[in-house]
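> have a look; sequence and predicted model below, questions after that.
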Amino acid sequence: MSKRDYYEVLGVAKGADDKDIKKAYKRLAMKFHPDRTQGDKGMEEKFKEVQEAYEVLSDEQKRAAYDRFGHAGVDPSRGGGGGYGGGAGAGDFGDIFGDVFGDIFGGGGGRRGQSRAQRGSDLRYNLELNLEEAVKGKSVDIKVPTYVNCDSCDGSGAKKGTSAKSCPTCHGAGQVTMRQGFFAVQQTCPTCSGRGKIIPEPCSKCHGEGRVEKTKTLSVKIPAGVDTGDRIRLTGEGEAGMHGAPAGDLYVQVNVKPHPIFQRDGNNLYCDVPLSFATAALGGEIAVPTLDGRIKLKIPAETQTEKMFRLRGKGVQSVRGGGVGDLVCKVVIETPVNLSDKQKELLRQLDESMAGESEAKHRPKSKGFFDGVKKFFDDLTG
C-alpha cells in the first residue's frame, strides 16, 4: 500500500511554515493518541502516520529531501514505527496537552515545570565585497542595529539596588498545573510568562526587559578565498536575550559583486582576451591581466578564436583549503574595423593571394564545414 503524502496527512499546504505544521501536528496528535482512543488499532495507525509526517516536515533537511524526492528521499523507518511511547515528537499525552494549552493560554515556553531564559535572536548582515577583497581577504567594520544588555541594570531588568523575586503564582517553576477532567495539564505561568521570577521595580532605562536598542560597530575579519553564499558566524554578537539571557549569534552573509574582467568558478578564474587578426595568424606575445598584475602570454601562430590558455596558479585559493586554482584565458579574435582604403586593398590582395591555392591549406575549418554541408544536401536529395 502506497504512503499518503505527508502534507496531506497533516492537512497543510506544501508551503506551510513551521508554526502551521506544528499546530496541525498537535491537533491531530490529540485526536488520534492511543491514550485517548482506547486501543482502537485504526486510530493508532493514524497516530503513527501523523508522527511520521511531522518528524519529516519539522526537520529542515528531511523536508527538503522529501520535497525533492518524495518518500524515497527520507527514511520512513525512523517515523512512527516504534510505538507511540518512542520516536521523535511522540512524548506522552501530557506533553501534547501541555503544548496545546500553553499556546491557548499565551504560553508556549518550557515544559514540565522548567523555566528557560529566552536566548536572543540570531541576526544576519549582508556584506558585499569586490572580487579582489574576497580573494585576498580583509578586515571590515560593520554597523549592526541590535539589542544589547542594559548597562544600568546589567541585564537583569530590575532597578539598581533591587532584584527579581520568585513568582508568587508558580513559586519559581515557570508553569502552573491545570485540571481538565482526569487530565493534569501544565501551562506557562501567566504571571511571570515562564521565567519563574517577577520584577517588582523595573529598571527605568530598559523598562524591565534587561536590554536596550543600540547600533554596534564590529570589526569582522574576512578570510581569503570567500565566495558568494559563504557565512561568517560571530558567536554572541546577535541580539541580547531578555532579562540577562544569552545573546544570539550574528551571521555575516557574503556576496561578491560581478567583476568587469574576471568570472569566478570555484578556484578558477576566467576571462576573455581580445586578439588581433595579425597576432592570431602570425603569433606573438600579449599582456593579460591577473589579480596580481599583468603577465605575458605567448600566442602561437595560426591560433583560432576561442582557444583556451591556462595559466597555472593564477586563480584563487578557496577558504576551505586546497591548491590554488588557475586563470583560463579565452582569446577572441577581433575583426578589423574602421579600415582605410589602403588597408582594405591590402586585405583584398591577401584574400586573392590565397584564392588560387587549396582552401584546406589556409582555412581547414571552412573546408570541413562546406564538405559537411555538401554531404547533407546530397543525402537529402537521394
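Cool, the structure landed. Numbers count the residues shown, from 1 in each chain.
> next SSE after the least confident helix or strand in the chain by mean pLDDT?
Within the chain, no helix or strand scores below helix 93-104, which has a mean of 42 by mean pLDDT, DSSP states H and E. Following the chain from helix 93-104 toward its C-terminal end, the next helix or strand by DSSP states H and E is strand 123-129.
> what are the buried residues along that next one?
Judged by neighbour count (16 or more other Cβ atoms under 10 Å), strand 123-129 contains these buried residues: 123, 125, 127, 129. (Each C-beta comes from the backbone N, C-alpha and C, glycine too.)
> from those residues, pick the one nearest G323.
L129 (22.5 Å; Cβ to Cβ).
> any low-confidence regions in the stretch 101-250 of the chain?
Across the stretch 101-250 of the chain, residues meeting the criterion (pLDDT under 70) sit at 101-117, 180-183.
> show me where it has strands.
When secondary structure is read from DSSP state E, counting those that start in this stretch, the stretch 101-250 of the chain shows strands at 123-129, 138-149, 165-166, 175-180, 183-188, 197-198, 211-222, 231-234, 250-256.
> save those strands as JSON lines, and put in distance to V331 too.
Compiled in JSON lines, the strands of the stretch 101-250 of the chain are given as follows (distance: least, Cβ to Cβ, whole Å):
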{"stretch": "strand 123-129", "distance to V331": "29"}
{"stretch": "strand 138-149", "distance to V331": "33"}
{"stretch": "strand 165-166", "distance to V331": "79"}
{"stretch": "strand 175-180", "distance to V331": "73"}
{"stretch": "strand 183-188", "distance to V331": "70"}
{"stretch": "strand 197-198", "distance to V331": "73"}
{"stretch": "strand 211-222", "distance to V331": "34"}
{"stretch": "strand 231-234", "distance to V331": "37"}
{"stretch": "strand 250-256", "distance to V331": "26"}
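> can you tell me which residue is spatially central in the protein?
Centre of the chain computed as the mean C-alpha position; nearest residue by Cα atoms, centre = their mean is G229, 6.7 Å away.
> surely it touches V254?
Yes - using Cβ atoms under 8 Å, G229 makes contact with V254 at a distance of 7.1 Å.
> these two touch, right, R294 and A287?
Yes - using Cβ under 8 Å, R294 and A287 qualify as a contacting pair, with a distance of 4.6 Å.
> kindly check the end-to-end length of stretch 166-176 for me.
Start to finish, the residues bounding stretch 166-176 are 14 Å apart (Cα to Cα, to the nearest Å).
> may I see the buried residues of that stretch?
167, 170, 172-176.
> let me have those in CSV, adding distance to A280 as columns.
As requested, these are exported to CSV (distance: Cβ to Cβ, whole Å):
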residue, distance to A280
C167, 83
C170, 84
G172, 84
A173, 83
G174, 78
Q175, 80
V176, 85
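> farthest pair within those residues?
Spatial extent of the buried residues of stretch 166-176 (Cβ to Cβ) is set by the pair G172 and V176 at 11.6 Å.
> from Q187, how far off is E239?
The span separating E239 from Q187 equals 27 Å under the rule Cβ to Cβ, to the nearest Å.
> and what of S276?
When Cβ to Cβ is applied, the distance between S276 and Q187 equals 81 Å.
> equivalent analysis for V56, please.
The span separating V56 from Q187 equals 29 Å under the rule Cβ to Cβ.
> and if you look at G196?
For G196, the distance to Q187 under the criterion Cβ to Cβ works out to 14 Å.
> same deal with Q175?
Note on Q175: its distance to Q187, by Cβ to Cβ, is 6 Å.
> list the residues that contact T146.
Contacts of T146 were listed using Cβ atoms under 8 Å, 6 or more residues apart in numbering, and they are 123, 213-216, 238-240, 250.
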